[in-house]
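Coordinates only, no sequence provided:
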């Protein structure tokens, strides 16, 4: 069985994106170059399946992603959403409704770890179901004061075990936790 890993950039105050600028959550305060990004790209190559919510998928539209296009062509990408509307020939799959059964099935079929790309509502629901195995947090040395939380308000209470930590020259810290 493959683990589901929530691998995400996060501010010191717990946001994966800042307050919206226009209709897009703001990620401008997170590092976009350097060793922390290179390490993330290396980790991406090790994932087999990518899971994301509608908001995370549609966030890509602001960066040129077209509806139905796979933002991670090297892996199978799945959007979990009740309401997203994509073309029939989409390169991504859609899971509607309660995703817990599908995620359990995927964990048995995946050939490598699965990447939970976001967002906070989906992450909270999967954590509450006991489906997230690890957190890989790229902690940026910024306070955003609001925006998209790492986990929505209904996140489960969990004990985590620090497995790995790396500090970067720009003040960012990578931390990997096992979920108990």
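It's in. Please read these numbers as outputs of a predicted model, since none were measured by experiment. Numbers count the residues shown, from 1 in each chain.

Which residues outside stretch 31-49 are in contact with it?
Contact with stretch 31-49 is made by 2, 5, 7, 9, 72, 74-78, 106, 110-115, 136, 138, 140, 166, 168-170, 172, 174, as judged by Cβ atoms under 8 Å, 6 or more residues apart in numbering. (Glycine included, C-beta is placed from N, CA and C.)

Endpoint to endpoint, it covers what distance?
24 Å (Cα to Cα, to the nearest Å).

and it, how far out from the chain's middle?
12 Å (Cα atoms, centre = their mean, to the nearest Å).

Strand partners (parallel or antiparallel) of the helix or strand of the chain with the lowest mean pLDDT?
Lowest by mean pLDDT, DSSP states H and E among the helices and strands of the chain is strand 24-26, with a mean of 90. Using DSSP bridges, the strands paired with strand 24-26 are strand 15-21 (antiparallel).

which SS class is the residue nearest to the spatial centre of the chain?
Closest residue to the average C-alpha location of the chain: residue 117 at 2.0 Å, with Cα atoms, centre = their mean. Of the three states, residue 117 takes strand under DSSP: H, G, I helix; E, B strand; the rest coil.

I'd say it and residue 54 touch.
No. Residue 117 is beyond contact range of residue 54, at 11.8 Å (criterion: Cβ atoms under 8 Å).

so how far is residue 145 from the residue nearest to the centre of the chain?
Per Cβ to Cβ, to the nearest Å, residue 117 is found 23 Å from residue 145.

again, but for residue 164
29 Å.

just for this structure, where's the confidence low?
For the chain, no stretch is flagged by pLDDT under 70.

Please, where are all the helices along it?
35-44, 54-59, 100-109, 120-128 (DSSP state H).

Now render these as a markdown table, adding distance to residue 87 and mean neighbour count.
Listed next are the helices of the chain as a markdown table, based on distance: least, Cβ to Cβ, whole Å; neighbours: other Cβ atoms under 10 Å:
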| stretch | distance to residue 87 | mean neighbour count |
| --- | --- | --- |
| helix 35-44 | 25 | 14 |
| helix 54-59 | 13 | 21 |
| helix 100-109 | 21 | 14 |
| helix 120-128 | 22 | 22 |
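
Of all these, which one is nearest residue 22?
helix 54-59 (12.1 Å; Cβ to Cβ).

Switch the helices of the chain over to CSV; also include distance to residue 180.
Shown next, in CSV, are the helices of the chain (distance: least, Cβ to Cβ, whole Å):
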stretch, distance to residue 180
helix 35-44, 22
helix 54-59, 26
helix 100-109, 18
helix 120-128, 12
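
who wins for proximity to residue 20 among these?
The nearest among the helices of the chain, by Cβ to Cβ, is helix 54-59 at 10.5 Å.

same for the closest one, what does it pack against?
Contacts defined by 3 or more Cβ pairs under 8 Å, 6 or more residues apart in numbering; DSSP states H and E place helix 54-59 against strand 24-26, strand 76-80, strand 114-118.
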